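Chemist: Predicted model and sequence follow; I will ask about them next.
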Amino acid sequence: MFKAMRCRIKSSLYAVSLLILLTGNTDAALKGRVIRVLDGDTIEVLQVNNERTRIRLNGIDAPEKKQDFGQRSRQFLNDQIALQVVTIHGDETDRYGRVLGTVWLNGRDINAEQIRHGMAWAYRYHGIASNAEYEALEKEARLHKLGLWSGPNPVEPWRWRKINN
């Protein structure tokens, strides 16, 4: 009897472990309709429970609104996701209370799309990109002079903020 119970418990644990492995990402996920695009890396979603949540697109840094390409970056993001239902993966918040997350729409990483089209930098911490894929996308956008890279000397948002705040 104990042997049979032990076998069922092991089987159940194995099944749960396999399910976690197969589903991949274990970050918290939330879904919501994009009701506002504040800038090129911040959105607001309305969840099913009518809760408004601000999302900071993780791993990217878009130009500030008053900075060169700031409005274009915001508009590009708006054109992609406004009023769409998106899935956000991430469970951390920043010092402003925004959820740090990767925004997904129809299987596309929207954070990556901002970088791919030259609308944002790959976020760096002490000069090192926090996401190798995003860094590679930034290099491609630079090479092809897309978006903000079409200008002669784009200023990184973190430098622009330091100068202008």
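Modeler: Right, received. Where do you want to start? In this text, all values refer to a predicted model and were calculated from it rather than measured experimentally.
Chemist: Listing request: residues of this structure with sub-threshold pLDDT.
Modeler: Applying pLDDT under 70 to the chain picks out residues 1-27.
Chemist: Quick one: the strands in it, in order.
Modeler: Under the criterion DSSP state E, strands of the chain are mapped to 29-39, 42-47, 52-57, 60-61, 85-93, 99-105, 108-109, 121-122, 124-125, 128-129.
Chemist: Any chance you could list what contacts the second one?
Modeler: Outside strand 42-47, the residues that touch it by CB atoms under 8 Å, 6 or more residues apart in numbering are 30-38, 52-57, 77, 81, 86, 88, 98, 103. Where you see a C-beta, it was placed from the backbone N, CA and C, and this is true even at glycine.
Chemist: Among the residues you listed, the buried ones, what's the ChimeraX command?
Modeler: To isolate the buried ones among the contacts of strand 42-47 in ChimeraX, judged by 16 or more other CB atoms under 10 Å, type:
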select :30,32,34,37,38,53,54,55,56,57,77,81,86,88,98,103
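Chemist: For the strands of the chain, could you give me TSV that also reports distance to Ser150?
Modeler: Shown next, in TSV, are those (distance: least, CB to CB, whole Å):
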stretch	distance to Ser150
strand 29-39	20
strand 42-47	23
strand 52-57	22
strand 60-61	18
strand 85-93	28
strand 99-105	25
strand 108-109	23
strand 121-122	15
strand 124-125	21
strand 128-129	21
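Chemist: For Glu140, find the nearest of the ones you listed.
Modeler: strand 121-122 (11.0 Å; CB to CB).
Chemist: What pairs with that closest one, parallel or antiparallel?
Modeler: Paired strands of strand 121-122, with direction, are strand 60-61 (antiparallel) (DSSP bridges).
Chemist: Am I right that Asp91 is in contact with Leu30?
Modeler: No: if you go by CB atoms under 8 Å, Asp91 and Leu30 don't touch, sitting 9.4 Å apart.
Chemist: Common neighbours of the two, please.
Modeler: Val99.
Chemist: Check the gap between Arg36 and Asn131 for me.
Modeler: Remark: distance between Arg36 and Asn131 (CB to CB, to the nearest Å) = 25 Å.
Chemist: Quick one: closest of the strands of the chain to Trp158.
Modeler: strand 60-61 (6.5 Å).
Chemist: what's next to the closest one, contact-wise?
Modeler: The contact list for strand 60-61 (CB under 8 Å, 6+ apart) reads 40-41, 111, 114-115, 120-124, 134, 156-158.
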